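1. Next one to model:
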Amino acid sequence: MLNSLLLLIGITLMYSTPLVFGSLSGVISERSGVVNIGIEGMMVVGAFTASAVSYFTGNPWLGFLMAGIAGAAIALLHAGASVTFHADQTVSGVAINLLAPGIALFFCRRLFDNAAMTPVCTTLPKLFGEGALNGTPYASLNVDVTVALGFAAALIMWFVLYKTKWGLRIRAVGEHPAAADTLGINVERTRFICVLISGMLAGFGGASVTLAIVSQFTQTAISGQGFIALAAVIFGKWKPHGAYGACLLFGLAQALTVVLGGGSIAIPSQLMAMLPYVLTIIVLVLFVGRSAAPKADGVPYLKGSR
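-> Residues are numbered from 1 along each chain as shown. Below you'll find the model as predicted:
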């Protein structure tokens, strides 16, 4: 019983980590007033970049770092369209989700002899060292180091948003940009930076998949996790700690598909695979009307407007 519980916890932590990075990506962007529906596409580019760089260099840490840079590069397109040129943020995000997977597949075919997936790459180390907990009841809890990185990222974002002057400026820009502008805060620059950080975090989320879970990039490596992360942002009420808790819940749903799918209970695998997405729909139906987004979220700011 204990082993099964620890296994469930370990798998939950592993599957929740990409969602944590993705949801934090949504939190920092939307707190500044920019809707980022393009998290899915940024995660796809991050997943490919991490796998490719890790394969060619043998250094998964470099792959993780480059995934963040690649995600920020894609976010640069979203920031330019939605912040600089005041385009519709939803349309820009959808365009990112259409463009980014194509970019990842194009470079994958160019670099790997027209293959639609990368070879198996070097992965990130375990949290307590490879084999450190073997032979103990806690072996299933020796998750990848990305779990600790995701937890640290959530703590840092909470501290920045609620305990620093810059965090206060971000929240002010997302709630009432005109008032923030009169106080001398550069609204466009603040939003631009937050969108770039959002892309970087989404890239880290994609890297957490290919460097810690599946060990290679495939076209289905992300498979909707960016959208589940957006649901976690809403469920968590646009707060880092709330989004982190929501990601654990979604991670638990994915863990149940693994644990119950391989158990003695005859549950069709198709039904189990549906569980995370059904839970996402239920959460959105129950909480989308009760959670209050930042007041200026999704509203382009024109200097001088009130």
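
2. which SSE is the closest residue to Leu230 other than its chain neighbours in?
-> In space, and not counting its chain neighbours, Leu230 is closest to Gly26: 5.5 Å by CB to CB, 6 or more residues apart in numbering. Any C-beta I mention is one placed from the backbone N, CA and C, and that applies to glycine too. In this structure, Gly26 sits in helix 2-31 according to DSSP states H and E.

3. residues contacting the residue nearest to Leu230?
-> By CB atoms under 8 Å, 6 or more residues apart in numbering, the residues touching Gly26 are 36, 39, 198, 229-230, 232-233, 243.

4. Show the contacting residues for the closest residue to Pro300 other than its chain neighbours.
-> Nearest residue to Pro300 in three dimensions, chain neighbours excluded: His86, at 3.9 Å (CB to CB, 6+ apart). Residues near His86 by CB under 8 Å, 6+ apart: 300-302.

5. These in helices, which ones?
-> Under the assignment DSSP state H, the contacts of His86 contribute nothing to helices.

6. list the buried ones in the helix holding Gly26?
-> Using 16 or more other CB atoms under 10 Å as the burial criterion, the residues of helix 2-31 that qualify are 6-31.

7. cool, stretch 170-186 as well?
-> 170-174, 176-177, 180-181, 185.

8. Take it, keep the C-alpha atoms, and write them as PDB.
-> Backbone C-alpha positions of stretch 170-186 (Å, rounded to 0.1, in the frame of the first residue of the first chain) are rendered in PDB as follows:
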ATOM      1  CA  ILE A 170       3.500  44.200 -12.700                       C
ATOM      2  CA  ARG A 171       0.200  43.900 -10.800                       C
ATOM      3  CA  ALA A 172      -0.500  47.600 -11.200                       C
ATOM      4  CA  VAL A 173       0.000  47.300 -15.000                       C
ATOM      5  CA  GLY A 174      -2.300  44.300 -15.100                       C
ATOM      6  CA  GLU A 175      -5.000  46.000 -13.000                       C
ATOM      7  CA  HIS A 176      -5.000  49.600 -14.100                       C
ATOM      8  CA  PRO A 177      -2.300  50.500 -16.700                       C
ATOM      9  CA  ALA A 178      -3.500  54.100 -17.000                       C
ATOM     10  CA  ALA A 179      -3.000  54.800 -13.300                       C
ATOM     11  CA  ALA A 180       0.400  53.000 -13.500                       C
ATOM     12  CA  ASP A 181       1.400  55.100 -16.400                       C
ATOM     13  CA  THR A 182       0.600  58.400 -14.500                       C
ATOM     14  CA  LEU A 183       3.000  57.100 -11.800                       C
ATOM     15  CA  GLY A 184       5.800  56.900 -14.300                       C
ATOM     16  CA  ILE A 185       5.700  53.100 -14.900                       C
ATOM     17  CA  ASN A 186       6.500  52.200 -18.500                       C
END
